[in-house]
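Enquirer: Sharing a model prediction with you, sequence too.
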Amino acid sequence: MGGLLLDAGKLTAAGAERALQLQKAENLRFGEAAIQLGLITEADLCQALSQQFSYPYLSPGEGHFSPELVAAYQPFGPQVESLRALRSQLMLRWFTAGHKALAIASINPGDGASYLAANLAVVFSQLGERTLLIDADLRRPRQHVLFNLGNRPGLSDMLAGRAGMSAVTRIPAFLNLSVLTAGAVPPNPSELLSRAASPIKLEDFAQHHDVILLDTSAARTSADAEMVAVRSGGALLVLRQDHTQLAAAAAFQANLSSAGATLIGTVLNQF
């Protein structure tokens, strides 16, 4: 613990010596002794413990990601507890059953699909799953903003044959997380996503990842989400409280079923 705090610059060598002395004198844990001496904060200790137990999360502002990544910045809040519970259900019902890819869909823009996809990707990576988040919303992409990845080649460029696997970006703050941004917004997103002879397939990604989450366009604005869900085999539908119409959600489920894909569940977004 002392070494982690020293490496992080939270503690000096002299401070560590003082904490060790108090630890021995009062039979405390090292972190408790350092806090009692005012050398570190509770947040400093929590972050060191996260490293010790391979559960990475970030201090506010660290990594320069969007504050919407609550799984990265607020790992002990109610939203993230809900995300962990959802992660457990998805592992039991989908990923341990042999599936690797799952589309995250919504009915309307703003229902929270991008938010959920990004945060689910973080919590799956924290579990140790090799996780790939693909921004398959080629109309209003957001993952490059949430992860501060800027304008770079992404899925659209791969589908058009102008980029390869190097377009997948590792996220250093989370050792098991990679992101494939949407890339350039194309004039023909539906055609790109539906091409039978696509130069890149989910099977190629599955060789190197355990969990593949695909953020999709809102179902009300296009059929893109259905196409991505069919390619993935299944979808998780995000409903926004007091906003999403249940009739539209039922129609989306019927369309998926007729196309041979599975709606594995719905999430009511209250945040």
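Expert: Done, it's in. It should be emphasised that the depicted structure is a prediction, and the values quoted were computed from it without experimental measurement. Numbers count the residues shown, from 1 in each chain.

Enquirer: can you give me the strands for this protein?
Expert: 101-106, 131-135, 169-170, 177-180, 211-215, 234-240, 262-269 (DSSP state E).

Enquirer: got JSON lines for the ones you listed, with mean pLDDT and distance to Lys10 too?
Expert: (C-beta placed from N, C-alpha, C; glycine too.) JSON lines is the format used below for those (pLDDT from 0 to 100; distance: least, CB to CB, whole Å):
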{"stretch": "strand 101-106", "mean pLDDT": "96", "distance to Lys10": "36"}
{"stretch": "strand 131-135", "mean pLDDT": "97", "distance to Lys10": "28"}
{"stretch": "strand 169-170", "mean pLDDT": "96", "distance to Lys10": "26"}
{"stretch": "strand 177-180", "mean pLDDT": "97", "distance to Lys10": "24"}
{"stretch": "strand 211-215", "mean pLDDT": "97", "distance to Lys10": "32"}
{"stretch": "strand 234-240", "mean pLDDT": "94", "distance to Lys10": "38"}
{"stretch": "strand 262-269", "mean pLDDT": "92", "distance to Lys10": "36"}
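
Enquirer: and of these, who's closest to Ala19?
Expert: Closest of these to Ala19 is strand 177-180, at 33.0 Å (criterion: CB to CB).

Enquirer: Identify all contacting residues around the closest one.
Expert: By CB atoms under 8 Å, 6 or more residues apart in numbering, the residues outside strand 177-180 that reach it are 121-122, 125, 131-135, 143, 147, 149, 154-155, 158, 167-171, 209.

Enquirer: Can you select the buried ones among those residues for me in ChimeraX?
Expert: To isolate the buried members of those in ChimeraX, using 16 or more other CB atoms under 10 Å:
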select :121,122,125,131,132,133,134,135,143,147,149,154,155,158,167,168,169,171,209
